[in-house]
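Student: The following block contains a protein sequence and its predicted model.
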Amino acid sequence: MTQPAIPRSRLSLGALLVVQPPCLVLYQYLAKSLGDQLTPPGTEIWAVLDQVITAPVFWGMVAVEIVNLILWLSILSRIDLGKAFPLTAISYCLIMAISVFVFHEAVNPFAIGGSVLILCGIALLATEKETA
């Protein structure tokens, strides 16, 4: 007995929704890495700009942002903005995890509670029935 095929557009939308938030997280990871490499505040703006545009991490950020834009436009071509945008909130939870486990930054209980609420909201959206 064969199972019914999943419509291609549905499958690709699911893949897009899984790949896009990690792209947002990767961008923020690269931004933090670049920020950590810059000279301390008070340096002349042109020197900082030179540091930024000559850093390979910056060009990685540009590439990730281009990929993210293509993913986001593909998502928006398949579902409404009102349904798509709240799903990106999972990136806040992922970014907080990166900040703790990679950059060893402190997280307060309110941030953890906020992340739990975000995940609950995403779960509610995922179970929402389609209305006419």
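Tutor: Perfect, I can see it now.

Student: can you pull the contacts of Val57?
Tutor: Going by Cβ atoms under 8 Å, 6 or more residues apart in numbering, Val57 touches Leu30, Ser33, Leu34, Gln37. (C-beta placed from N, C-alpha, C; glycine too.)

Student: what's the single longest helix in this structure?
Tutor: Ordering each helix of the chain by length in residues (DSSP state H) puts helix 8-37 first.

Student: Buried residues of that helix, list them for me.
Tutor: 13, 16-17, 20-21, 23-30, 32, 34 (16 or more other Cβ atoms under 10 Å).

Student: Quick check: which helices or strands does it pack against?
Tutor: Using 3 or more Cβ pairs under 8 Å, 6 or more residues apart in numbering; DSSP states H and E, the elements in contact with helix 8-37 are helix 56-76, helix 81-87, helix 90-101.

Student: Nearest to Thr127, out of these?
Tutor: Of all these, it is helix 81-87 that lies closest to Thr127, at 12.7 Å by Cβ to Cβ.
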